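Novice: structure for this input, please:
(chains A and B)
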There are 2 protein chains.
Amino acid sequence: MAENKFLLIPGPTQIPNRVLTAGAQPMVSHRSGEFVAIFNELRENCKSIFKTKEEVLIMTCSGSGSMEAALINFLRRGDKVLAVSVGNFGDRWRDIAEAYGFQVDYLSFPWGQAADPQAIADKLAADVNKEIKAILVQHHETSTGVYNPLPEISRVRGDHPALLMVDAISGLAACPLEMDAWGLDVVVASSQKALMTPPGLSLIGVSQKAWAAAENSDIPKFYLDLKKAKKYAADGQTPFTPAVSLVYAMNEAVKMIVEEGVDQTIARHYRRRDVVRAALQAMGLRLLADESCAGGVLTAFYTPENIPPKALTTAMNQSYQVAMAGGMGKLKPTTLRFAHLGYMRDLELAAGIVALEMALLANGYSLQPGAAIAAAEGVWGRQ
Amino acid sequence: MAENKFLLIPGPTQIPNRVLTAGAQPMVSHRSGEFVAIFNELRENCKSIFKTKEEVLIMTCSGSGSMEAALINFLRRGDKVLAVSVGNFGDRWRDIAEAYGFQVDYLSFPWGQAADPQAIADKLAADVNKEIKAILVQHHETSTGVYNPLPEISRVRGDHPALLMVDAISGLAACPLEMDAWGLDVVVASSQKALMTPPGLSLIGVSQKAWAAAENSDIPKFYLDLKKAKKYAADGQTPFTPAVSLVYAMNEAVKMIVEEGVDQTIARHYRRRDVVRAALQAMGLRLLADESCAGGVLTAFYTPENIPPKALTTAMNQSYQVAMAGGMGKLKPTTLRFAHLGYMRDLELAAGIVALEMALLANGYSLQPGAAIAAAEGVWGRQ
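Specialist: All right, here's what the predicted structure looks like:
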């Protein structure tokens, strides 16, 4: 009886033993020097992962809480925002903005495709009065596996004053991201993805331009007040009791990434992507995203006609301890998501490939057993 | 070299090994049956600790986040609230309410004393138009160690329609609380106090009357939207990724309390209170709160004149690995707080007593060595 799952889902991801052990250390006061030392080390290392010199705030909440924080800290009531959606989490930007009564200009693209920078350029060009105060976009869209072209989106913004707010929750450290070089104003991330830490912490990198905008924000907030978080961060603390054990854990996980080098971590994710894409294609399955925009986080694919996704996930889970994610929103009835995110030995992907192949066979799908693994080996064997 | 502190602070408290181990288990998907089973078990056990039949929501945020959630989910913009303050966290109710533009009627009592139900009765009697929509009060005030008379406060409310919202963050399972029997509408608690779990989760019990009020709330919210949390809780889930490892941990901790019986857990806290009060008085120290309103969480005391609190905490921490809490707000220059909260073998209090005695002696204070322990033994030895 296996107690550990092969977690091939886009978070929570598997936790390295170093991180589990760090998270199980005895408590200290969050106002003690011991905590401050750990928190400051974590803050510095997070900056290097975000590729920024700016403050990266660490909040005790899920990533959605920090997406909300981005909107309510750097904007004013009723501001206009351009919500760029390529999937379920793009729609979340819109939903949060609507919950607060922002004017939302919703620019959506077919699920499985990346945002088109030219369409964003057109929106900004039409905004002659510079009413758009923020562009909301995903770095990597978790529902589809698509990696958006942020450098191009930043470039088409040109000198339009809108803040560029980026949900990098699933993509940080799995797809390239350079907060400062790309001119990103707010970058939100989360502990339970490539950062290999249990859920409960989120991260927010904030540019000087966004901090200046925060001075004019008139939206009520308390727990998600980022100016307060920034003030406390200067002393290595948080305004409210943080998730101390998760701070321990994330500090260890982030150290592991810094030791490896974040670019190497990302390269490993893309290699896994190539393995999974090759294997799925060898099974004759159709992939949702084109390679040109497929990120390092997960590979979404259509299940064969007449085989509902749920039949496959149930079989993989019950027989082989493999957890693979269903599709989201409108893709739920037709797709699965094979995540290759976070901490795993690369050959754990073989478990996912084999489990999927056997689940397909058990559901009457016709394929050549072993061909998918052969395709994967082709990628693994590359220099 | 000791790596573990004696944590005699009002949170984070010490974590039992059972709980540390539970929190270090491998991740599962928060949408999996495995998670749902654990979450439902935790939800049921929390109800028995709150002594309620109502839903107890579990949120990934600190207690202050859930205090904010109470205000923004069950009230309308600009509502009038009666903020009853007996210390620093009573003032927090006021501060959150003011951040949202509520009309705040602020009723404060001297720090170290409990709220006077008659003064609340007078406020409610004067409110002939029933404009007060909520009474905000602490169950136990962490800055002073005072336990408020909630049954009497509930009684004087009579048939006034105001919701009774209670911050039980530090007091739950350390001081008596009966949500349903006392007619409490919203009860907020937190993982890192008597619940013996690392910080990062908070809990909110909600009455049917409060849920009815939520239908009329017009205040924007997203992450802290409790109606959404309730909807997901019915399926054993949360709207956003919860702190999975802390859910594991808290489930184990809450089981430990249920195994012991929450009344027994509370009784142990009051016995520890009696030990600490006797020991401090034997050292000739003046206690902040009278026994009649002193709760089971912590005992605040004045340091001797000419001995600043910081000199004592530094000595205790550096020489004896004892972490004791400083005073808060206006009590910071003159008091310390000796917490007897959460998981500890009762004789760990002896470490606190000895460390304090030695720190006092080292700072030139005159006392009879051993007398405090003798007084403590007098309490421990009682049948």
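Novice: close to chain B: what parts of the stretch 51-200 of chain A are there?
Specialist: With C-beta under 8 Å from any C-beta of the partner chain as the criterion, the stretch 51-200 of chain A comes near chain B at residues A:60-65, A:68, A:95-96, A:99-101, A:190, A:192, A:198-200. Where you see a C-beta, it was placed from the backbone N, CA and C, and this is true even at glycine.
Novice: for ChimeraX, what selects the buried ones among these?
Specialist: In ChimeraX, selecting the buried portion of these, with burial taken from 16 or more other C-beta atoms under 10 Å in any protein chain shown, looks like this:
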select /A:60,61,62,63,64,65,68,96,100,190,192,198,199,200
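Novice: the nearest residue to A:A300 once chain neighbours are set aside: neighbour count?
Specialist: Take A:A300 and drop its neighbours on the chain: the residue closest to it by C-beta to C-beta, 6 or more residues apart in numbering or on different chains is A:L288, 3.9 Å away. Applying other C-beta atoms under 10 Å in any protein chain shown, we find 24 residues neighbouring A:L288.
Novice: ok, now which ones touch A:L288?
Specialist: By C-beta atoms under 8 Å, 6 or more residues apart in numbering or on different chains, the residues touching A:L288 are A:W111, A:G112, A:T144, A:G145, A:T299, A:A300, A:F301, A:Y302, A:L331, A:T335.
Novice: was I right about the first one contacting A:T142?
Specialist: No - using C-beta atoms under 8 Å, A:W111 makes no contact with A:T142, being 11.7 Å away.
Novice: so for those two, which residues contact both of them?
Specialist: A:G87.
Novice: neighbour count winner among the two?
Specialist: The residue with more neighbours, out of A:W111 and A:T142 and counting by other C-beta under 10 Å, is A:T142; that gives 28 against 23.
Novice: list the contacts for that one?
Specialist: Applying C-beta under 8 Å, 6+ apart, the residues contacting A:T142 are A:P10, A:G11, A:G87, A:N88, A:F89, A:I169, A:S170, A:V297, A:L298, A:M328.
Novice: A:L8 too?
Specialist: The contact partners of A:L8, taken as C-beta under 8 Å, 6+ apart, are A:V322, A:A323, A:M324, A:A325, A:F338, A:A339, A:H340, A:E348, A:L349, A:A351, A:G352.
Novice: which residues does A:Y248 contact?
Specialist: A:Y248 makes contact with A:A22, A:G23, A:Q25, A:I38 under the criterion C-beta under 8 Å, 6+ apart.
Novice: among the residues of the stretch 51-200 of chain A next to chain B, name the ones in strands.
Specialist: Of the positions in these, A:T60, A:S190 sit in strands, assigned by DSSP state E.
Novice: show me what contacts A:V247?
Specialist: With contacts defined as C-beta under 8 Å, 6+ apart, A:V247 is in contact with A:F35, A:I38, A:F39, A:L42, A:I58, A:L201.
Novice: could you look up the SS state of the closest residue to A:P26 other than its chain neighbours?
Specialist: Counting by C-beta to C-beta, 6+ apart, A:P26 lies nearest to B:N4, which is 4.8 Å off, once chain neighbours are set aside. Here B:N4 takes the coil state, with states given by DSSP: H, G, I helix; E, B strand; the rest coil.
Novice: can you check A:V276 too?
Specialist: Three-state call for A:V276 (three-state DSSP): helix.
Novice: now it: closest residue in space, sequence neighbours ignored.
Specialist: For A:V276, the nearest residue in space outside its immediate sequence neighbours is A:T299; the separation is 4.7 Å by C-beta to C-beta, 6+ apart.
Novice: and if you look at A:Q138?
Specialist: Distances taken as C-beta to C-beta, 6+ apart place A:D167 nearest to A:Q138, at 4.8 Å, with adjacent residues excluded.
Novice: tell me the pLDDT of the one you found.
Specialist: The predicted local distance difference test score for A:D167 is 98.
Novice: next up, phi/psi of it, please.
Specialist: phi -90, psi 100 (degrees, to the nearest 10).
Novice: now swap in the one 5 residues further on and tell me
Specialist: When quoted as degrees, to the nearest 10, the phi and psi of A:L172 stand at phi -60, psi 130.
Novice: check contacts around it.
Specialist: Contacts here follow C-beta under 8 Å, 6+ apart; on that basis A:L172 touches A:I49, A:F50, A:H139, A:V187, A:A189, A:S190, A:K193, A:A194, A:L195, A:L203.
Novice: take these and keep only those in strands.
Specialist: A:V187, A:A189, A:S190, A:L203.
Novice: can you list the residue ranges for helices in the stretch 1-150 of chain A?
Specialist: A:17-23, A:33-50, A:63-74, A:88-99, A:117-126, A:150-157 (DSSP state H, counting those that start in this stretch).
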